[in-house]
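[1] Sequence and computational prediction follow.
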Amino acid sequence: MNIDIQTEHVLMQPGWRHMIDEWVTRCARYHPDVVGIDLRLRHAERVHPREQVAVVAISGRRKLRAAKQADLMAVALHGALDALEQELLLHEAAGYGAWRGPR
């Protein structure tokens, strides 16, 4: 699986990397049709500074997206990965991919 992580105005923390690695491992196990994940972690410097995470999963010809904002990057990252998991489940339930269960 191809994994691309970009950060803007933030330094990657070991805890975030661990969270991402665990999610990617589960994703590969439960969603084998996913061939790539793109993550963007960003600290917005607008009027209301917030941590932002955008994540895209490439599954076949489709790109599934999720994004979250929070006061803490770990919360935004967790929320975005959970939202992407929901998108993957809906994608598979609609017949675009086959859930193969645990191996």
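    Yep, that arrived. Numbering: from 1, shown residues only.
[2] so where is this protein shaky, pLDDT-wise?
    47-49, 96-103 (pLDDT under 70).
[3] how about the strands in the protein?
    With DSSP state E as the criterion, the chain has strands at 2-8, 34-43, 51-59, 62-70.
[4] Most tightly packed of those?
    Comparing the strands of the chain by mean neighbour count (mean count of other CB atoms under 10 Å), strand 51-59 ranks first with a mean of 20. For the C-beta atoms, the positions are set from N, CA and C on the backbone; glycine is no exception.
[5] To what extent is the residue lying closest to residue 13 once chain neighbours are set aside buried, counted in neighbours?
    Nearest in space to residue 13, with sequence neighbours left out and distances taken as CB to CB, 6 or more residues apart in numbering, is residue 73 at 7.3 Å. Residue 73 has 22 neighbouring residues, counting by other CB atoms under 10 Å.
[6] repeat for residue 77
    24.
[7] Give me the nearest residue to it, chain neighbours excluded.
    Excluding its sequence neighbours, the residue lying closest to residue 77 (CB to CB, 6+ apart) is residue 53, at 4.9 Å.
[8] Across the sheet, point out what pairs with that neighbour.
    With DSSP bridges as the criterion, the beta-bridge partners of residue 53 are residue 41, residue 68.
[9] Thanks a lot, catch you later.
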